[in-house]
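>>> quick one: sequence plus predicted model below, questions after.
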Protein chains: 2
Amino acid sequence: MPRIPAIERRAALVHAALHVVAERGVAAATTRAIVAQAGMSLASFHYAFTSRDELLGELIDTALEQEKRTLAPALAPEFDPVSMRDAIRAGLEQYFLGVKADPQREKAMFELTHWAMRTPGMHALARRQYDRYYALAEAALDVASEKSGASWDRPPAHIAALLVAITDGLTIGWLVNRDDAAAAALMDFAADAVARLAVGPDESIAQERMRQS
Amino acid sequence: MPRIPAIERRAALVHAALHVVAERGVAAATTRAIVAQAGMSLASFHYAFTSRDELLGELIDTALEQEKRTLAPALAPEFDPVSMRDAIRAGLEQYFLGVKADPQREKAMFELTHWAMRTPGMHALARRQYDRYYALAEAALDVASEKSGASWDRPPAHIAALLVAITDGLTIGWLVNRDDAAAAALMDFAADAVARLAVGPDESIAQERMRQS
DNA sequence: GTCTATAATGAGATAGAC
DNA sequence: GTCTATCTCATTATAGAC
């Protein structure tokens, strides 16, 4: 076998691990399964990484990058001024299409979160994972804000946290039941509810009425 | 050791397994760890269960029963007519107190769901788990409906699904970040948003205004 | 740097004495 | 019915030849 720089070997192993974890779960992602997927020998693994845990740690960051790329279309402001409600609903739809396109990867992300929470010294990884989710949601909210011309009645970071919680619940529920109609209903509800937290062109009138009642 | 009926031995093993899974996770719940916790020999395990998977299957049902008992206080209609929003908020608070009281158990429930989804022939268990969550949420909504005198603008089962998704998201977020303030903000938001789906004494006026706008 | 071979450990499950 | 002892297999990790 050719000589491969350690850095590339690490990347290849992480890539292979991502595939195994998504396909068969964290528990099945043994060093053997990973090197088999990567077409390497077992010893090469321990040349590139000191332990399986070290690889799984890196895996979370890599998987997040991949998820981010998947979500990119949702952040692209390709169409124009629209209501806040519709902008959020469209963002959720885009997210959900990503989930449907690769349910295994989504399952894997949850499993990795739980693995990190359970593994000594790895809890911080779970936090960083969610920090990035929040940042991603906040970016999406910014886009929605620009599209609709409305802004928020509270810190966008707070709303981002709501959005992440809703998408998590949406995702788990769909993974368990595969009920597209229920998912759509939840997204409609979430879009309505979150949009009510906006103030601006479209929503100010309704907001004002609510406040007076 | 005394003779113990197989049925009791099964119960004891499930109980021990629940402890191990909550404390150290599904992956650490080996047959050895479980029998050690139960104070039995390894052979006794395979006398009572044909496999580890069979036990984990039973475990989900038992854990659900336990969760249900924990939630009972939230369903007890101990105080009186109040707004739908406050009834829901109180129910969420009660649920959240349960999560804070035993975070490990909550983590375990998620891990068991994911285990069931990954294990051949066990996916149906995950569905049943969520069916019970939905039923539990629906019962809670009934209580809220009675307390407030309001009713719903759509099938309670649909609203129950929303509520479960929200509590799932709430729970994961809190397990990762342990941010009580963020959890409270999410519960406030959820209570407001869900209460808007009610029609009746308190909400009919606001509902009517929304419809006209 | 990379490989084969193997050490060391722990897993689920079982045989067979009592 | 219950136990000890063991089987068989898979795991992470490493030693040492090349």
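Okay, I see it. Numbering: from 1, shown residues only, chains lettered A, B, ... in the order given.
>>> centre of the chain to the longest helix along chain A, how far?
Looking across chain A with DSSP state H, the single longest helix is helix A:123-148. On the basis of CA atoms, centre = their mean, to the nearest Å, helix A:123-148 is displaced by 9 Å from the centre of the chain it belongs to.
>>> tell me, how many neighbours does A:His90 end up with?
Not His; residue A:90 is Ala. For A:Ala90, the count of nearby residues is 18 (other CB atoms under 10 Å in any protein chain shown). From N, CA and C alone the C-beta is placed, and that goes for glycine too.
>>> gap between it and A:Leu97?
Separation of A:Ala90 from A:Leu97 (CB to CB, to the nearest Å) stands at 11 Å.
>>> again, but for A:His123
Counting by CB to CB, the gap from A:His123 to A:Leu97 is 31 Å.
>>> tell me which of the two has more neighbours.
A:His123 (15 against 12).
>>> return the residues of chain A in contact with DNA strand D.
Contacts of chain A with DNA strand D, taken as CB under 7 Å from any atom of the strand, map to A:28, A:30-33, A:42-43, A:45-46, A:50-53.
>>> A:Gln129 contacts A:Leu64, correct?
Yes. Between A:Gln129 and A:Leu64 there is a contact under CB atoms under 8 Å: 6.2 Å.
>>> contact partners for the closest residue to A:Ala126 other than its chain neighbours?
Using CB to CB, 6 or more residues apart in numbering or on different chains and skipping residues adjacent in sequence, the residue nearest A:Ala126 is A:Ala116, 4.0 Å away. Residues near A:Ala116 by CB atoms under 8 Å, 6 or more residues apart in numbering or on different chains: A:57, A:60, A:122-123, A:125-126, A:129.
>>> just the element for the spatially closest residue to A:Thr119 that is not a sequence neighbour, please.
Nearest non-adjacent residue to A:Thr119, counting by CB to CB, 6+ apart: A:Asp53, 6.4 Å away. In this structure, A:Asp53 sits in helix A:52-75 according to DSSP states H and E.
>>> hmm, the next helix or strand after that helix touching chain B?
The first helix or strand that comes after helix A:52-75 along the chain, using DSSP H and E, is helix A:84-101. No. Helix A:84-101 stays clear of chain B (CB under 8 Å from any CB of the partner chain), getting no nearer than 12.1 Å.
>>> quick check: buried residues in the next helix-or-strand element following helix A:84-101?
Next helix or strand after helix A:84-101 toward the C-terminus (DSSP H and E): helix A:103-118. Judged by neighbour count (16 or more other CB atoms under 10 Å in any protein chain shown), helix A:103-118 contains these buried residues: A:103, A:105-118.
>>> widest-spaced pair of those residues?
Using CB to CB, the two most remote members of the buried residues of helix A:103-118 are A:Pro103 and A:Arg118, lying 22.7 Å apart.
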